[in-house]
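Colleague: below is the sequence, then the predicted model.
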Amino acid sequence: MTALRKPDGNLFIPAGPTSRAFLRSKSPIRVIQGPIESGKSVTSAMALYAAICTMPRWKDGKRRSRWLVTRSTYPELRGSTVETFLYWFPPEKYAHPGGGKFYESEPYVYEMRFLDVEADIIFEAYPDDKDETIARLRSKEYTGAWANETQYNTRRLFFEIASRTGRFPPKKELPAGMSLKQWLIADHNAPPTDDHWILRMRGDVLLPESMPDDERSQYAKPDNVEFFHQPPALIERFTPDRKKLLGYDVNPAAENLRNMAPNRYIELTGGRSKAEIDRDLMGRVVKIQVGEPVFPEARRELHVAAAEIPVMPGAHVTVGMDFGRTPTAVFMQQINNRWIVLDEIVCFNKGTKAFAPMVTAKLQERFPDCPYSAWGDPSGGWQGQNDDSTPFLILAAEDIICRAPALKDQPQRRIEAAANCLTTLIDGQPRILIDPVHCPHLIAAVIDGGYVFAVSSAADGTRLIKQPVKNEHSHVAEGWQYGLWGGGEVKGILTPANSNRRTIVSAVPKKRELFKFSRKKR
């Protein structure tokens with residue numbers, strides 16, 4: 001389909017190759033992603049219009065159909081989606097006097113009546129997938145649907161909408177031997193999270209190994225679903241060492257350029273943060289965050305591998321840990337002076353006694369032939385208020401000898417050391433490279449900016465100080481930092497092993513060899 005002619009004689013030319021393929025596709029369920037102003041919504045409206053015009057005729061010669069157009073809220077529907085549809089298909093041309101009209105009340109209804117077409121378009125908001133919302137949806141029967149800005153739809157809601165399509169008109173009104181199928185089109189910008197169902201079903205991210213089979217099956221792409229992805233709007237310009245972003249150029253492969261003023265995409269970067277540009281114009285996942293990212297140097301395209309990273313057999317493993325009720329462990333290998341982050345353990349509302357066997361199991365399963373050293377928050381040697389045990393003692397009972405990289409924590413120095421690793425290249429390669437399959441929590445914390453600073457006044461009231469916020473992201477980020485610290489990245493403040501040995505010896509049960517690398521067999 002190179003162009004689509006409307007009854008008013010005007011031609012619609014698709015915004016680019018991806019939009020054209022989307023319009024040509026015969027897949028019952030089609031989903032298109034692209035930057036803002038890339039023509040996704042108009043392309044979707046045209047796909048709906050083409051389906052309206054090609055419905056089978058009833059016995060009286062009319063092409064009757066009923067369609068759902070949906071977004072999360074009515075203000076979004078009326079202010080954007082409805083306006084787009086009415087601009088391209090104004091009621092004065094597509095609703096003959098006395099035969100059809102647009103009804104300005106919720107849910108909005110547009111009775112399209114032109115030529116041999118009689119189509120009812122229902123614009124209705126479905127905000128969530130709560131049971132009452134699903135129950136309301138299940139009372140409806142549609143020919144097809146358009147889900148606008150579907151990155152805000154859950155998987156359950158999206159496929160529930162699909163299940164209500166292909167139900168109108170009644171089979172008795174169709175030509176002999178013909179039946180309707182599900183028909184759902186959707187458009188969206190970049191999904192808001194790495195674990196979004198679209199990314200998982202599209203194959204952009206691998207499912208966690210620990211995901212149960214019944215949950216895993218929910219993300220298998222059905223045969224009747226097809227995904228389309230428009231190119232990013234911009235190309236980034238960096239310094240030769242790729243440490244600093246210099247600016248942007250319009251991507252010549254971007255779609256809808258013919259309908260824009262020159263450099264329109266460059267103008268759209270004005271007043272937007274780097275995260276907003278990544279999300280709206282580059283098509284990248286950007287998590288909503290509150291606070292200043294601790295590591296603004298971290299970049300997904302540089303510091304996250306494109307695929308799962310294999311373990312280097314026999315190479316030393318450095319484990320960094322944080323404790324408390326959200327204990328974490330990050331597993332790294334240092335290869336050619338580069339830190340390859342291979343795995344993580346992140347627990348919620350668990351103590352060290354439940355956490356320690358998980359560390360042992362991970363070392364046995366993923367790193368069976370690798371020597372290791374474990375480093376943790378210096379407070380891990382402190383006794384709890386309710387008993388005499390310490391995280392180091394509990395880990396030692398599992399044959400995990402964990403040391404503190406210094407006698408006292410120094411957050412500023414370890415953050416500086418981690419930032420230095422993120423901004424350093426070795427032979428053109430980043431010193432930090434993170435496995436995208438096994439380290440989703442570390443990526444969310446460090447790369448996507450979940451680990452943030454809060455700014456507060458110092459006790460004397462004379463200055464402002466920045467401190468990392470303790471949240472669901474801070475523990476894995478700090479466990480990673482302790483590993484880097486123990487691995488030698490914080491120069492000049494590492495405590496020599498002998499000076500810390502007295503504490504470790506007191507934590508090891510009698511008749512157990514100190515620093516033994518064997519693990520309990522299970």
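Modeller: Structure received.
Colleague: quick one: furthest residue from the center of the chain?
Modeller: Distance from the C-alpha centroid of the chain, by Cα atoms, centre = their mean, peaks at residue 60 (49.5 Å).
Colleague: tell me which residues touch that residue, please.
Modeller: Contacts for residue 60 (Cβ atoms under 8 Å, 6 or more residues apart in numbering) come out as none. To be clear about C-beta, it is placed using only N, CA and C from the backbone, and glycine gets the same treatment.
Colleague: what helix or strand does it sit in?
Modeller: According to DSSP states H and E, residue 60 maps onto no helix or strand at all.
Colleague: please apply the same query to residue 66.
Modeller: Assigned by DSSP H and E, residue 66 belongs to strand 63-70.
Colleague: who does residue 339 bridge with?
Modeller: residue 334, residue 432 (DSSP bridges).
Colleague: ugh, typo on my part, it should be residue 452
Modeller: In beta-bridge terms (that is, DSSP bridges), residue 452 pairs with residue 293.
Colleague: for it, give its distance to residue 40.
Modeller: Distance, residue 452 to residue 40, by Cβ to Cβ, to the nearest Å: 31 Å.
Colleague: so for these two, which sits in the more crowded spot?
Modeller: Here residue 452 and residue 40 are compared on neighbour count by other Cβ atoms under 10 Å; more neighbours surround residue 40, at 27 against 20.
Colleague: can you give me the pLDDT of the more buried one?
Modeller: Listed pLDDT for residue 40 reads 96.
Colleague: what about residue 470, which SS state?
Modeller: Following DSSP: H, G, I helix; E, B strand; the rest coil, we place residue 470 in the coil state.
Colleague: need phi/psi at the residue farthest from the centre of the chain.
Modeller: phi -90, psi 10 (degrees, to the nearest 10).
Colleague: what does the strand holding residue 66 contact?
Modeller: Contacts of strand 63-70 (Cβ under 8 Å, 6+ apart): 48, 51-58, 77, 81-82, 85, 116-126, 140-148, 161, 164-165, 168-169, 173.
Colleague: mark which of the residues you listed are part of strands, please.
Modeller: If you go by DSSP state E, these have 117, 118, 119, 120, 121, 122, 123, 144, 145, 146, 147, 148 in strands.
Colleague: which one of those has the most neighbours?
Modeller: If you count neighbours using other Cβ under 10 Å, the busiest of the ones in strands among the contacts of strand 63-70 is residue 144, which has 29 neighbours.
Colleague: from the ones in strands among the contacts of strand 63-70, which is closest to residue 339?
Modeller: Nearest to residue 339 out of the ones in strands among the contacts of strand 63-70 is residue 147 (Cβ to Cβ; 41.8 Å).
Colleague: show me where the stretch 401-522 of the chain has its helices.
Modeller: 411-422, 440-442, 474-484, 497-507 (DSSP state H, counting those that start in this stretch).
Colleague: highest average neighbour count across those?
Modeller: Most buried of the helices of the stretch 401-522 of the chain by mean neighbour count (mean count of other Cβ atoms under 10 Å) is helix 474-484; its value is a mean of 28.
Colleague: counting contacts, what elements does it pack onto?
Modeller: Using 3 or more Cβ pairs under 8 Å, 6 or more residues apart in numbering; DSSP states H and E as the contact test, the elements touching helix 474-484 are strand 317-322, strand 328-335, strand 338-346, strand 372-376, helix 411-422, helix 440-442, strand 464-468.
Colleague: residues making contact with the third one?
Modeller: In other words, strand 338-346. Contacts for strand 338-346 (Cβ under 8 Å, 6+ apart): 309, 311-312, 326-334, 355, 358-359, 362, 366, 421, 426, 429-435, 438-439, 441-442, 475-476, 480, 484, 487.
Colleague: put the alpha carbons of it into CSV.
Modeller: Coordinates of each C-alpha in strand 338-346 appear next as CSV, following Å, rounded to 0.1, in the frame of the first residue of the first chain:
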residue,chain,number,x,y,z
ARG,A,338,37.1,-4.7,32.7
TRP,A,339,34.4,-5.5,35.2
ILE,A,340,31.9,-8.0,33.7
VAL,A,341,28.7,-8.0,35.9
LEU,A,342,27.2,-11.4,35.4
ASP,A,343,24.5,-12.1,38.0
GLU,A,344,22.7,-10.8,41.0
ILE,A,345,20.6,-11.9,44.0
VAL,A,346,18.0,-9.4,45.3
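Colleague: what's the following helix or strand after it?
Modeller: Counting by DSSP H and E, the next helix or strand C-terminal to strand 338-346 is helix 352-366.
Colleague: run the angle between that following helix and strand 338-346 for me.
Modeller: Computed by axes from the mean of the first three to the mean of the last three Cα atoms, to 10 degrees, the angle separating helix 352-366 from strand 338-346 equals 130 degrees.
Colleague: and helix 352-366, what's buried?
Modeller: 352, 355, 356, 359, 360, 362, 363 (16 or more other Cβ atoms under 10 Å).
Colleague: and that helix, how far from the chain's centre?
Modeller: How far helix 352-366 lies from its chain's middle: 28 Å, per Cα atoms, centre = their mean, to the nearest Å.
Colleague: mind giving me the packing neighbours of that helix?
Modeller: With contacts taken as 3+ Cβ pairs under 8 Å, 6+ apart, helix 352-366 sits against strand 317-322, strand 328-335, strand 338-346, helix 391-396.
Colleague: can we see that at 6 Å?
Modeller: strand 338-346, helix 391-396 (3 or more Cβ pairs under 6 Å, 6 or more residues apart in numbering; DSSP states H and E).
Colleague: what is the mean pLDDT for that helix?
Modeller: 93.
Colleague: hey, C-alpha coordinates of that helix in CSV?
Modeller: Backbone C-alpha positions of helix 352-366 (Å, rounded to 0.1, in the frame of the first residue of the first chain) are rendered in CSV as follows:
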residue,chain,number,x,y,z
THR,A,352,20.7,-12.8,56.1
LYS,A,353,19.8,-16.4,57.3
ALA,A,354,17.5,-16.9,54.4
PHE,A,355,19.8,-15.0,52.0
ALA,A,356,23.1,-16.8,52.8
PRO,A,357,22.1,-20.2,51.3
MET,A,358,21.0,-18.4,48.1
VAL,A,359,24.6,-17.0,47.7
THR,A,360,26.0,-20.5,48.2
ALA,A,361,23.6,-22.0,45.6
LYS,A,362,24.4,-19.3,43.1
LEU,A,363,28.2,-19.9,43.4
GLN,A,364,27.7,-23.6,43.0
GLU,A,365,25.3,-23.4,40.0
ARG,A,366,26.8,-20.5,37.9
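Colleague: ok, and what's touching that helix?
Modeller: Contact with helix 352-366 is made by 323, 327, 329, 343, 345, 347, 391, 394, 395, 398, 400, 519, as judged by Cβ atoms under 6 Å, 6 or more residues apart in numbering.
Colleague: closest to residue 302 out of those?
Modeller: Using Cβ to Cβ, the contacts of helix 352-366 come closest to residue 302 at residue 343, 20.3 Å.
Colleague: distance of that closest one from residue 248?
Modeller: To residue 248, residue 343 is 35 Å away according to Cβ to Cβ.
Colleague: and stretch 436-445, how far apart are its ends?
Modeller: In stretch 436-445, first residue to last residue: 13 Å (Cα to Cα, to the nearest Å).
Colleague: list the buried residues for that stretch?
Modeller: Along stretch 436-445, these residues count as buried under the neighbour rule (16+ other Cβ under 10 Å): 436, 437, 438, 439, 440, 441, 442, 443, 444, 445.
Colleague: so can I have a markdown table of the residues you listed showing distance to residue 183?
Modeller: Formatted as a markdown table, the buried residues of stretch 436-445 follow (distance: Cβ to Cβ, whole Å):
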| residue | distance to residue 183 |
| --- | --- |
| 436 | 34 |
| 437 | 35 |
| 438 | 39 |
| 439 | 39 |
| 440 | 34 |
| 441 | 38 |
| 442 | 41 |
| 443 | 36 |
| 444 | 36 |
| 445 | 41 |
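Colleague: determine which two of these are furthest apart.
Modeller: Pairwise distances across those (Cβ to Cβ) peak at 16.4 Å, for the pair 437 and 445.
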